[in-house]
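Novice: Here's a sequence, model it:
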Amino acid sequence: MKKVRITVVKKASYDNLIAKYENPIEHACDMELGKVYIANGWQKPEGFCDSAWDSVSPFVMTLAHGGGNFYDGWMKNPKSAMISCNDGFRPVSFLLEALDEDAD
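Specialist: Numbers count the residues shown, from 1 in each chain. Presented below is the predicted three-dimensional model:
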């Protein structure tokens with residue numbers, strides 16, 4: 001199984017939607033722009049958001065097992081994917097890349 005690098009590449013915040021629909025919350029997201037996580041195969045990296053993992057894990061699993069070429073050539077690098085978490089108020093986009101080294 002391959003390791004998969006997960007890089008936080010974009011964070012958005014839809015303040016108009018937050019103001020209209022979301023109940024006030026103190027803390028919403030710990031993802032930092034540019035932060036890199038390494039998934040050892042199917043294993044969620046320490047410190048990675050549980051909700052974001054639910055969104056990216058199927059793609060991480062596929063890449064870790066040598067798969068790729070999602071949606072018939074969607075990505076320039078067939079061993080990668082650009083996936084966003086499912087937070088409709090403040091989505092975070094992640095670049096997933098299969099690494100040449102195997103997971104422990």
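Novice: State the distance from residue 26 to residue 88.
Specialist: 19 Å (CB to CB, to the nearest Å). Yep, even glycine has a C-beta here, placed from its N, CA and C like the rest.
Novice: Give me the more crowded residue out of those two.
Specialist: Counted by other CB atoms under 10 Å, residue 26 and residue 88 do not tie: residue 88 has more neighbours, with 11 against 4.
Novice: confidence score at the closest residue to that one other than its chain neighbours?
Specialist: Nearest non-adjacent residue to residue 88, counting by CB to CB, 6 or more residues apart in numbering: residue 17, 6.9 Å away. Note on residue 17: pLDDT of 97.
Novice: Which residues does whichever strand or helix holds residue 17 contact?
Specialist: When elements are assigned from DSSP states H and E, residue 17 belongs to helix 15-21. Residues outside helix 15-21 that contact it (CB atoms under 8 Å, 6 or more residues apart in numbering) are 88-90.
Novice: next one: stretch 83-99
Specialist: 2-14, 17-18, 21-22, 28-29, 31, 38, 49, 51-52, 54-56, 59-60, 63-64, 66, 68, 77, 79-82.
Novice: So for that stretch, first residue to last residue, what's the gap.
Specialist: End-to-end distance for stretch 83-99, by CA to CA, to the nearest Å: 17 Å.
Novice: Tell me where the model's unsure across this protein.
Specialist: 103-104 (pLDDT under 70).
Novice: Could you pull up the contacting residues of residue 49?
Specialist: By CB under 8 Å, 6+ apart, the neighbours of residue 49 are 29-31, 85, 92.
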